[in-house]
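J.: take a look and give me a structure for this.
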Amino acid sequence: MTDPLATVRRLVEDIQPLDRQEEADRDHVLRWLGETDDVFRRAKPRTPPQHLVSYFLLLDPTGPHVLLVDHRKAGLWLPAGGHVEPGESPVDTVRREVVEELGIAASFPAWIGEKACFLTVTETVGEPSARHVDVSLWFVLHGDRRQELTPDPGEFRTVRWWTPGEVAAADVAAFDPHLGRMLSKLADVVPGRPGQGTPGAR
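T.: Residues are numbered from 1 along each chain as shown. Below you'll find the model as predicted:
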């Protein structure tokens, strides 16, 4: 049986940092993984107060466009995703959550496969008693704006395909604070430069 913590460490180690922030976050997470095995959320909302999340960004290379969800609880446009269950691989979290949240199967693009593309460490918003730190591994999935989605109405107000230019032109406060950085990273690593024209940081 594969050690889930070893899988997480390998995913983190394989990430090539975009900038000093991601380099610092990567170092922080590797130290955390070396100090504890209590990295999965065991009870909502904040036990333990720092735990793993898998984000997945559906990317339609035509346009290009990325799928974001208007998340009810966070009040932000975010990539879809969810907390990694105890003992679960972050990749398996993506496979599970994309079915639960969007009603489709995960399709990992050949250029990156099942590797994480981006890493963030973020304190959540909301009630102070519920705030915690999400260690988020960001994955990329192949998307198609023509495909039929069945978004979870309990989680999302709506979902929408965005171009990087539309994200750059909108109010930064409406999005995950790291989304602009993720799109900038995609501009450098994805064939066809899907994030071209996005700001370097947000």
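
J.: the most centrally placed residue in the chain and Gly126: what is the separation?
T.: The residue lying closest to the centre of the chain (CA atoms, centre = their mean) is Tyr55, at 2.4 Å. Look at Tyr55 and Gly126: by CB to CB, to the nearest Å, they are 18 Å apart. Heads up, the C-betas are built off the backbone N, CA and C, glycines and all.

J.: where do the helices of the protein begin and end?
T.: For the chain, the helices defined by DSSP state H occupy 4-13, 20-35, 90-102, 164-169, 179-189.

J.: ok, which of those helices comes nearest Gly75?
T.: Between Gly75 and those, the tightest spacing by CB to CB is seen for helix 179-189, at 14.4 Å.

J.: what is that closest one packed up against?
T.: strand 118-123, helix 164-169 (3 or more CB pairs under 8 Å, 6 or more residues apart in numbering; DSSP states H and E).

J.: buried stuff in the last one?
T.: The one in question is helix 164-169. For helix 164-169, a neighbour-count test (16 or more other CB atoms under 10 Å) marks 164, 167-168 as buried.

J.: redo those as JSON lines? Include distance to Val135 and pLDDT.
T.: As requested, the buried residues of helix 164-169 are exported to JSON lines (distance: CB to CB, whole Å; pLDDT from 0 to 100):
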{"residue": "Pro164", "distance to Val135": "25", "pLDDT": "93"}
{"residue": "Val167", "distance to Val135": "23", "pLDDT": "96"}
{"residue": "Ala168", "distance to Val135": "26", "pLDDT": "95"}
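
J.: name the nearest of those residues relative to Ala43.
T.: Comparing the buried residues of helix 164-169 against Ala43 with CB to CB places Val167 closest, at 33.9 Å.

J.: which ones are touching the closest one?
T.: Contact partners of Val167, counting by CB atoms under 8 Å, 6 or more residues apart in numbering, are 66, 175, 179-180, 183, 198.

J.: tell me which helix or strand of this protein sits lowest on mean pLDDT?
T.: Within the chain, no helix or strand scores below helix 179-189, which has a mean of 92 by mean pLDDT, DSSP states H and E.

J.: so how far is that helix from its chain's centroid?
T.: Put simply, helix 179-189 sits 12 Å off its chain's centre (CA atoms, centre = their mean, to the nearest Å).

J.: give me every residue that touches Leu137.
T.: For Leu137, the contacting residues are 8, 11-12, 52-55, 90, 116, 118-119, by CB under 8 Å, 6+ apart.

J.: closest to Ala110 out of the residues you listed?
T.: Ala116 (15.9 Å).

J.: that closest one touches Arg10, doesn't it?
T.: No - counting by CB atoms under 8 Å, Ala116 stays clear of Arg10, with 9.8 Å between them.

J.: higher neighbour count, those two?
T.: Shown here are Ala116 and Arg10; by other CB atoms under 10 Å, Ala116 has more neighbours (23 against 13).

J.: would you list the phi and psi of the more buried one?
T.: Torsion angles at Ala116 (phi, psi; degrees, to the nearest 10) stand at phi -70, psi 140.

J.: circling back: of the helices and strands packed on helix 179-189, which approaches Arg41 most closely?
T.: Closest among the helices and strands packed on helix 179-189, using CB to CB: strand 118-123, at 14.4 Å.
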